[in-house]
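Peer 1: the sequence and its predicted three-dimensional model are supplied below.
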Amino acid sequence: MKSGIALYPKARIPYGCWGSSYFPAWQTSALAEVNIGQFAAESMNRILGLRNVPKDTIDYLILGSTIPWHWKFWNAPMLAACFGRRIPGHHLEQACATGLQATLAAGAQIEADGGDDVVGVLTFDRTSDSPVGVFPERRAYERTFALGDVWDNFGFDPATGKSMIASAGAAARKYKLDRREVDEVSFCRYEQYFEAKASGFLNKVCVPLDLLNVQGRPMGRIDEDKGIRQLTMDALREMRELDTCVTSGGQTHASDGMATLIVTTEEKAAELSRRPEIDIRFVARAEVRSGPSLMPEAPSLAVKKLLDRTGMTMSDIAVVKNHNPFTVNDVIFSKLFNYDWKAMNKTGCSLVWGHPQGPTLTRSLIEGLEEAVMLGGGRVLVFGCAAGDVGIAAIFEVTERRAR
């Protein structure tokens, strides 16, 4: 392993200065009826208040979302106002890699030393009732094309002409996956989630949030990952294949939600952190693009590139968390690295708690960092796939300052 590796040496993530909403499945909660951007900004204010982070410490705001929302043109300045701060910021997106990209962008912002000491990361999306865009297409026979932002994109990659489910089936065939093992991994992932929930672990990550209408009256409370049901092995075995090794129990579901954290300097992190002795650093990152319609293998290829670049092996990693829209993703990773799939996603994953896109990897990262702290420190590997057969991976390190 190469020594002294640091992606952004100046940047830190202060422990505990983070939080996520629960992710109710699409159309199951009051989130289906709100401006998700406004909800996310107001929720960020609430979460950071609970973490004793004064909002006037935030100098800059980086947003991450993928689905158009009302007043998105005004993006970060508008949501900064909802958050209660008149600060600059910008918006970025890269499908399901958005949450990790936004966090990495915040690290780069601190490293650039542009006068911003504390950068807020706010990621969110609402798949429920996603908007339909109408696009003039002079080169098409239709002349005007209507596109549903979520479902039409899930069902058709314009570069390959295939759906995301088709990419999972193609990857399963390429790696000659066994349907029985895929079902076993799916069952394990649900067991891990419900065990984490019963242990109280999710309380470290997710914050119950109340929704009010314009009159200030209650619309509902977001206090669970609504729509998840415990699956039995028999039920998984009986499910019809939608493509090779892909069933409804072996893929995620659309959901709504938000997640937030802050990135700052080492000195400021010690000041803001709920446990100042904990130091969380950015170590390295990598991105790849796999072959056409092989999206589930892309995250594993990104991890291989990352480990090769850093000289690390999987034995150097304490916590492994990934965005796994298909169980196929995890089985491929296990085969390529000879890694026990039971040792990853121990506290839950997006296969189970859902797929709101923008905040997905933000929540995964927060869960991974909390798990590393519970273990007494170590490196956290976070990775996932994104539309277009893209894979992204990053390593963070959790240590105690007095031990370094």
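Peer 2: Structure received.

Peer 1: where does this structure have low pLDDT?
Peer 2: Low-confidence segments of the chain (pLDDT under 70): 1-3, 402-404.

Peer 1: can you tell me the centre-most residue of it?
Peer 2: Centroid-nearest residue in the chain: Leu361, 1.4 Å away (criterion: CA atoms, centre = their mean).

Peer 1: so who does it touch?
Peer 2: Cys96, Ala97, Thr98, Gly99, Leu100, His323, Val382, Gly384, Ile392 (CB atoms under 8 Å, 6 or more residues apart in numbering). Any C-beta I mention is one placed from the backbone N, CA and C, and that applies to glycine too.

Peer 1: make a markdown table from those and add distance to Asp178, neighbour count and secondary structure to it.
Peer 2: Formatted as a markdown table, those follow (distance: CB to CB, whole Å; neighbours: other CB atoms under 10 Å; DSSP: H, G, I helix; E, B strand; the rest coil):
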| residue | distance to Asp178 | neighbour count | secondary structure |
| --- | --- | --- | --- |
| Cys96 | 26 | 27 | strand |
| Ala97 | 28 | 31 | coil |
| Thr98 | 32 | 27 | helix |
| Gly99 | 31 | 33 | helix |
| Leu100 | 30 | 27 | helix |
| His323 | 23 | 27 | strand |
| Val382 | 27 | 27 | strand |
| Gly384 | 23 | 28 | strand |
| Ile392 | 27 | 28 | strand |
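
Peer 1: return the member of those nearest to Gly120.
Peer 2: Using CB to CB, Gly99 comes nearest to Gly120 of the contacts of Leu361, at 13.6 Å.

Peer 1: which residues touch the closest one?
Peer 2: For Gly99, the contact set (CB under 8 Å, 6+ apart) comprises Gly64, Thr123, Ala259, Gly358, Pro359, Thr360, Leu361, Thr362, Arg363, Ser364, Leu365.

Peer 1: which SSE is immediately downstream of the longest helix along the chain?
Peer 2: Longest helix of the chain, by residue count under DSSP state H: helix 179-199. Following helix 179-199 in sequence order, the next helix or strand is strand 209-212 (DSSP states H and E).

Peer 1: that following strand pairs with which strands, parallel or anti?
Peer 2: When pairing is defined by DSSP bridges, strand 209-212 lines up against strand 218-222 (antiparallel).

Peer 1: does anything pack onto the very next helix or strand once past the strand it pairs with? Which helices or strands?
Peer 2: Sequence order places helix 233-238 as the next helix or strand after strand 218-222, per DSSP H and E. Applying 3 or more CB pairs under 8 Å, 6 or more residues apart in numbering; DSSP states H and E, one finds that helix 233-238 makes contact with helix 179-199.

Peer 1: so what touches the helix it packs on?
Peer 2: 172, 202, 228, 230-233, 236-237, 241, 245, 247, 249-250, 324, 327-328, 330-331, 334, 341-342, 345-349, 351-353.

Peer 1: return the members of the residues you listed classed as buried.
Peer 2: Neighbour-count burial (16 or more other CB atoms under 10 Å) is assigned, among those, to 172, 202, 228, 231, 236, 245, 247, 249-250, 324, 327-328, 330-331, 334, 341, 345-349, 351-353.

Peer 1: can you put the contacts of Gly99 in CSV and add secondary structure?
Peer 2: Converted to CSV, the contacts of Gly99 look like this (DSSP: H, G, I helix; E, B strand; the rest coil):
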residue, secondary structure
Gly64, strand
Thr123, strand
Ala259, strand
Gly358, coil
Pro359, coil
Thr360, helix
Leu361, helix
Thr362, helix
Arg363, helix
Ser364, helix
Leu365, helix
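
Peer 1: which of those residues has the most neighbours?
Peer 2: The most neighbours of any of the contacts of Gly99, using other CB atoms under 10 Å, belong to Ala259, which has 35 neighbours.

Peer 1: strands of the chain, start to end?
Peer 2: 11-12, 18-20, 60-64, 89-92, 118-126, 132-137, 143-148, 209-212, 218-222, 256-265, 278-289, 319-323, 378-386, 390-400 (DSSP state E).

Peer 1: quick one: the second one to chain centroid distance?
Peer 2: Per CA atoms, centre = their mean, to the nearest Å, the displacement of strand 18-20 from the mean C-alpha position of its chain is 12 Å.
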